[in-house]
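[1] no sequence for this one, just the structure:
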């Protein structure tokens, strides 16, 4: 009976020490796993943005009307002889 109790205590101590030693590594593993998921999501977002920019570049190379719209809208440029009227809100 005494040997059984001693074996059980030794087993519990060994398991406890093992868990204690690996607890830091396990938590670090889960933290890195979460970080990996976030990086993958960010990469997908950047890939999508990159595709949109490629489409925009392609349109600018092919469609002069599109270039004119972008220049007017984003840069506020006007053609020679045009007048700009600005209204206060």
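    All right, it came through fine. What you are looking at is a predicted structure, and each value in this text was computed from that prediction instead of being measured.

[2] Return the list of helices and strands in contact with the lengthiest helix in the chain.
    Counting by DSSP state H, the longest helix found in the chain is helix 2-62. Contact here means 3 or more Cβ pairs under 8 Å, 6 or more residues apart in numbering; DSSP states H and E; on that basis helix 2-62 packs against helix 64-75. Every C-beta, even on glycine, is put in place using the N, C-alpha and C of the backbone.

[3] Could you check the angle the helix it packs on makes with helix 2-62?
    110 degrees (axes from the mean of the first three to the mean of the last three Cα atoms, to 10 degrees).

[4] who's in contact with helix 64-75?
    Here helix 64-75 makes contact (Cβ atoms under 8 Å, 6 or more residues apart in numbering) with 59-60, 77-78.

[5] What is the most widely separated pair among these?
    Farthest pair in the contacts of helix 64-75 (Cβ to Cβ) is 59 and 78. Separation: 21.5 Å.

[6] Between those two, which is the more surrounded one?
    Between residue 59 and residue 78, counted using other Cβ atoms under 10 Å, the more crowded position is residue 59 (14 against 11).

[7] Contacts only, for the more buried one.
    Neighbouring residues of residue 59 by Cβ under 8 Å, 6+ apart: residue 66.

[8] Identify the residue nearest the geometric centre of the chain.
    Most central in the chain under Cα atoms, centre = their mean is residue 42, positioned 1.7 Å from the mean C-alpha point.

[9] Could you measure from it over to residue 48?
    Distance, residue 42 to residue 48, by Cβ to Cβ, to the nearest Å: 11 Å.

[10] what about residue 72, neighbour count?
    Neighbours of residue 72 (other Cβ under 10 Å): 13.

[11] Next: the one 3 residues further on.
    A total of 8 residues lie near residue 75 under the criterion other Cβ under 10 Å.

[12] just residue 56 next, same as before
    12.

[13] ok, now which ones touch it?
    With Cβ under 8 Å, 6+ apart, residue 56 has no contacts at all.

[14] Next one: it from residue 80, what distance?
    Residue 56 is 26 Å from residue 80, by Cβ to Cβ.

[15] What of residue 19?
    For residue 19, the distance to residue 80 - Cβ to Cβ - is 78 Å.
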